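Trainee: Need coordinates for the following:
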Amino acid sequence: MPVPGTLIGIFLEAVATHRRPDQFVRRAAGGWEAISGERALADVEALALALRELGVERGDRVALLSENRYEWAVTDLAVLGLGAVTVPIYPTLTAAQIRELLVNCEAKVLVASTPAQLEKAREATSRLEFVRARVAMDPLPPDGPADEHALASLLERGASLRAAEPKAYAAAAAAVRPDDLATIIYTSGTTGEPKGAMLTHANIASNVEASLRVLRYGTTDRHLSFLPLCHIFERMAGFYSILAAGAGIAYAGSIESVAADAAEVRPTVMTAVPRFFEKVNARVLASAAARPPVARAIFRWGLGLGLARARAYYARRPLPPLKALMLPLADRLVMAKVRARMGGRLRFCVSGSAPLSPAVMEFFYAIGIPIIEGYGLTETSPVITVNPFGREKPGTVGPPIPGVEVRIGDQGEILTRGPHVMKGYYRNEAATREALRDGWFHTGDVGHLDDDGYLVITDRLKDLLVLAGGKKVAPQPLEGKLKTSPWIAEVVMIGDRRSYVTCLIVPDFPALEAEARARGWTTADRRGLLEHADVRALYQAELDRLNADLAPFEQIKRFALLDRELSQEAGELTPTLKVKRKVVMATFAPVIEQLYARQRVMAEA
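Mentor: A predicted model of the protein is given here:
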């Protein structure tokens, strides 16, 4: 079905066509609250007219500093309906980082969620004359600054304006054109300073239409939204696409509450990044390992049958008759109980933002929750390729979606062109010229197209480790394989301009500590646990398993165990949980130098 050419058109059509009583669902004081499409439209219209009264005009930028919540969606749609531009800002950023983005985009209004975010907004906007007002989603104390407004009061004021001019919003929304700028999204900065990608309504709407020809969203679906809406992946696949399909959206309280929220709202579809799926996989296996012997045996038997089914499915061959006969019992005893922890209704999940391990993909298919993996970037709205249902190929990210072209350029770089590609970087002509050359967007990713036209990503162009001897090692595939271990949460490979490859390992501490208790490895603290000889041997065995299939120059010679997880707060992870390799290397430089101390001593001798 054709999708309207503007994002606000997608919303308006969804409300008019489907009139869902639960278009949005959010947690309230008394439980979960369903918000109808008609009520959401009234809120959007009211807020838009109130923002217009504050001075927001066509083309103006409105910054949105908030976690995922209903008010995020209302604010975004209100801004877009005025022909203005939404600038989403990750709520994990500091005031100084927020200020830098505001200076670049010159936002006229900044909308913040909680009191903590509002305090950062105040600091970030201090002495920025182009910021006319701050809006708080949560209640404001009385007698505050004159340039601060509570969202509730704006909605009330907007309702009066709407009553006086009932057709004003519709006229403004109808004037929005597909080629109008819809949003400026600042890249999360794994490879350098953030740049503001300019995406038009047509960029994102074309991506919605093409993606829905591959993803099987429907009017009976409910999506659980927890990935940051500031990121284009969730915004396109978990917001606009859901609206266009006539499905509903429930907002998780936080990333920590996803499991509990899923059990209550019972979603049918979810979008997530690989780290989420890896953690679920590890937690399920760790939970099973801690159960009594008989329960463990039943779990292993059931999961084994599920994995056999997954491997047969991906190999396009039938499951042996005896295993097929036992599978319903295994599903009832094992897999259905795992699915129940996530609400029991999940039809499939969509993975993006980073490579997904084939082993994790197999695990989820085994428990009855297929994962559809795709690939894209902020600058491409974001989807470039998606694995189609029934023809998934683990280890690939699928063929290009309709209307999108892909080719492989110099050094194996993935290039793309089509209606999904951004206009450029806001106020950054040099970066725009570098990214958009000869009509193609240069992704910076390295890969190839297989014989079936499926894209295989091997690494980031700038992440390749060039050893001292000139050999090149692609770290991401090797890191991905190591992260299938139940004992490993994160891996960062090191070796650029070094004589050999080493790595930093972040243990999966709950799994490791449970294993230590089971084996009787007693230590005084976490540091002592990581230095325990048996723990070191456990991780060495994981490296040996990987090294056995590698060329000698690729093999990981030494490793260090970190005593804490990497975090966004420390600047080591992007908001979508991708590792900032340069930051990690700087933070743990003394640890890395110890890994090469032997090399240095031998050289000096």
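Trainee: got the CA positions of the longest strand along the chain in CSV?
Mentor: Secondary structure assigned by DSSP state E gives strand 440-449 as the longest strand of the chain. What follows is strand 440-449, C-alpha atoms only, in CSV (Å, rounded to 0.1, in the frame of the first residue of the first chain):
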residue,chain,number,x,y,z
TRP,A,440,26.8,7.7,-4.2
PHE,A,441,26.8,7.8,-0.4
HIS,A,442,30.0,6.4,1.0
THR,A,443,29.1,4.4,4.1
GLY,A,444,32.6,3.8,5.5
ASP,A,445,31.7,0.2,6.0
VAL,A,446,33.5,-2.7,4.2
GLY,A,447,31.8,-5.7,2.7
HIS,A,448,30.7,-7.6,-0.4
LEU,A,449,27.6,-8.9,-2.2
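Trainee: Next, the buried residues of that strand.
Mentor: Applying a neighbour-count criterion of 16 or more other CB atoms under 10 Å, one finds 440-447, 449 buried in strand 440-449. Any C-beta I mention is one placed from the backbone N, CA and C, and that applies to glycine too.
Trainee: Residue 342: neighbour count?
Mentor: 21 (other CB atoms under 10 Å).
Trainee: dump the residue contacts of the residue nearest to residue 412 when sequence neighbours are not counted.
Mentor: Using CB to CB, 6 or more residues apart in numbering and skipping the chain neighbours, the partner closest in space to residue 412 is residue 446 (4.5 Å). Applying CB atoms under 8 Å, 6 or more residues apart in numbering, we find residue 446 in contact with 411-414, 457-461, 464, 474.
Trainee: returning to that earlier point: average pLDDT for the longest strand of the chain?
Mentor: Strand 440-449 shows a mean pLDDT of 95.
Trainee: Can you tell me the strand partners of it and which way each runs?
Mentor: strand 413-417 (antiparallel), strand 436-437 (antiparallel), strand 455-460 (antiparallel) (DSSP bridges).
Trainee: Contacts for the last one, please.
Mentor: Contacting residues not belonging to strand 455-460 are listed as 190-191, 355, 375, 384-385, 395-400, 406, 412, 414, 444-450, 474-477 [CB under 8 Å, 6+ apart].
Trainee: Show me which of those residues are buried.
Mentor: Of those, these count as buried by 16+ other CB under 10 Å: 190, 355, 375, 384-385, 395-400, 406, 414, 444-447, 449, 474-477.
Trainee: Strands - which of the residues you listed land there?
Mentor: Filtering those for strands - DSSP E - leaves 375, 384-385, 406, 414, 444-447, 449.
Trainee: just how off-centre is the lengthiest helix in the chain within its chain?
Mentor: Longest helix in the chain, counting residues (DSSP state H): helix 293-314. Its chain's C-alpha centre and that of helix 293-314 lie 29 Å apart, by CA atoms, centre = their mean, to the nearest Å.
Trainee: Repeat that for stretch 2-9.
Mentor: For stretch 2-9, the distance to the chain centre is 24 Å (CA atoms, centre = their mean).
Trainee: Over to stretch 273-283?
Mentor: 12 Å.
Trainee: With just CA atoms, put that stretch into CSV.
Mentor: What follows is stretch 273-283, C-alpha atoms only, in CSV (Å, rounded to 0.1, in the frame of the first residue of the first chain):
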residue,chain,number,x,y,z
VAL,A,273,20.3,-3.8,18.7
PRO,A,274,22.5,-6.9,18.8
ARG,A,275,23.6,-6.2,22.4
PHE,A,276,20.1,-6.6,23.6
PHE,A,277,19.7,-10.0,21.9
GLU,A,278,23.1,-11.1,23.2
LYS,A,279,22.1,-10.2,26.8
VAL,A,280,18.8,-12.1,26.5
ASN,A,281,20.6,-15.1,25.1
ALA,A,282,23.1,-15.1,27.9
ARG,A,283,20.5,-14.6,30.7
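Trainee: can you pull out the strands in the stretch 401-550 of the chain?
Mentor: Under the criterion DSSP state E, counting those that start in this stretch, strands of the stretch 401-550 of the chain are mapped to 405-408, 413-417, 424-425, 436-437, 440-449, 455-460, 465-466, 472-473, 488-494, 501-507.
Trainee: who does the first one touch, helix- and strand-wise?
Mentor: In other words, strand 405-408. The contact analysis (3 or more CB pairs under 8 Å, 6 or more residues apart in numbering; DSSP states H and E) places strand 405-408 against strand 413-417, strand 440-449.
Trainee: closest to residue 96 out of those?
Mentor: strand 440-449 (26.5 Å; CB to CB).
Trainee: Distance check, the residue nearest to residue 412 against residue 98.
Mentor: Distance from residue 446 to residue 98, counting by CB to CB, to the nearest Å: 33 Å.
Trainee: Could you do residue 464 as well?
Mentor: Distance from residue 464 to residue 98, by CB to CB: 33 Å.
Trainee: Then residue 469?
Mentor: In terms of CB to CB, residue 469 sits 44 Å off from residue 98.
Trainee: who has more neighbours, the two?
Mentor: Neighbour count, other CB under 10 Å: between residue 469 and residue 98, residue 98 has more, with 23 against 9.
Trainee: Pretty sure residue 558 sits against residue 502.
Mentor: Yes: the pair residue 558 and residue 502 passes the contact test of CB atoms under 8 Å, sitting 4.6 Å apart.
Trainee: what is the mean pLDDT for stretch 132-141?
Mentor: Averaging pLDDT along stretch 132-141 gives 96.
Trainee: cool, and stretch 310-319?
Mentor: The average pLDDT for stretch 310-319 rounds to 96.
Trainee: which stretches of the stretch 501-605 of the chain form helices?
Mentor: For the stretch 501-605 of the chain, the helices defined by DSSP state H, counting those that start in this stretch occupy 509-519, 526-531, 533-547, 581-587, 589-595, 597-604.
Trainee: of all the ones in strands among the buried ones among the contacts of strand 455-460, which comes closest to residue 537?
Mentor: Nearest to residue 537 among those is residue 446, at 34.6 Å by CB to CB.
Trainee: Need the distance between the two termini of stretch 564-581.
Mentor: One end of stretch 564-581 to the other measures 16 Å (CA to CA, to the nearest Å).
Trainee: With stretch 154-174 instead?
Mentor: With CA to CA as the measure, stretch 154-174 spans 23 Å from end to end.
Trainee: Flag every buried residue along it.
Mentor: 154-155, 157-159, 161-162, 169, 172-173.
Trainee: Now, those that are in helices?
Mentor: Using DSSP H, 154-155, 157-159, 161-162, 169, 172-173 are the members of those that sit in helices.
Trainee: Can you name the two of these that sit furthest apart?
Mentor: Counting by CB to CB, the most remote pair of these is 157 and 173, 19.3 Å apart.
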